[in-house]
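Q: Turn this into a model:
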Amino acid sequence: MKIHSILLIIFLFGFNLQSQQPADVTEQVVQAVRLGNADLLSTFIGPSVDITLLKTEGTYSKTQAMLILKDFFTQHPPTSFEIRHQGSSDHGSQYMIGNYLSGGTNYRAYILLKKVTSAMIIQQIQFEEE
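A: Numbering: from 1, shown residues only. This is a model prediction of the structure:
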């Protein structure tokens, strides 16, 4: 009976960790944007990512994306970043829509994360001036 109880606890604990992983990633992504930290944000980018930042639009490598995001955060440092809506698909993708404030300018932010193998990666990121 003790072994069954221990196995059940291990199973539930392991299941709980897996179910929290995507939420942890989304919170870390939000924190990276709040800090304007392109280096931290790039840790969640796969080999390529779709980016729309003001007049810059395209699919970029991880290295290119980091440079583009660094430039954006340098020119438009965050005053605040608040998630207004988020959701997920049956296939494990997650999205966040929020308001990014820099100085007196408000941007609509959209971030799409996709589950690749066991990791969540940023598939798409957009900042559009409102």
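Q: could you say what helices and strands the helix or strand where residue 39 lies packs with?
A: Secondary structure assignment for residue 39, by DSSP states H and E: helix 38-42. Helix 38-42 is packed against helix 2-35, helix 62-75, with contacts defined by 3 or more C-beta pairs under 8 Å, 6 or more residues apart in numbering; DSSP states H and E. Backbone N, C-alpha and C define where each C-beta goes, glycine included.
Q: ok, of the ones you listed, where does mean pLDDT dip lowest?
A: Comparing mean pLDDT across the helices and strands packed on helix 38-42, the weakest is helix 2-35, with a mean of 62.
Q: Skip the chain neighbours and tell me the closest residue to residue 36.
A: Nearest residue to residue 36, sequence neighbours excluded (C-beta to C-beta, 6 or more residues apart in numbering): residue 73, at 3.7 Å.
Q: doesn't residue 40 make contact with that neighbour?
A: No: in this structure, residue 73 is not within contact of residue 40 by C-beta atoms under 8 Å, at 10.7 Å.
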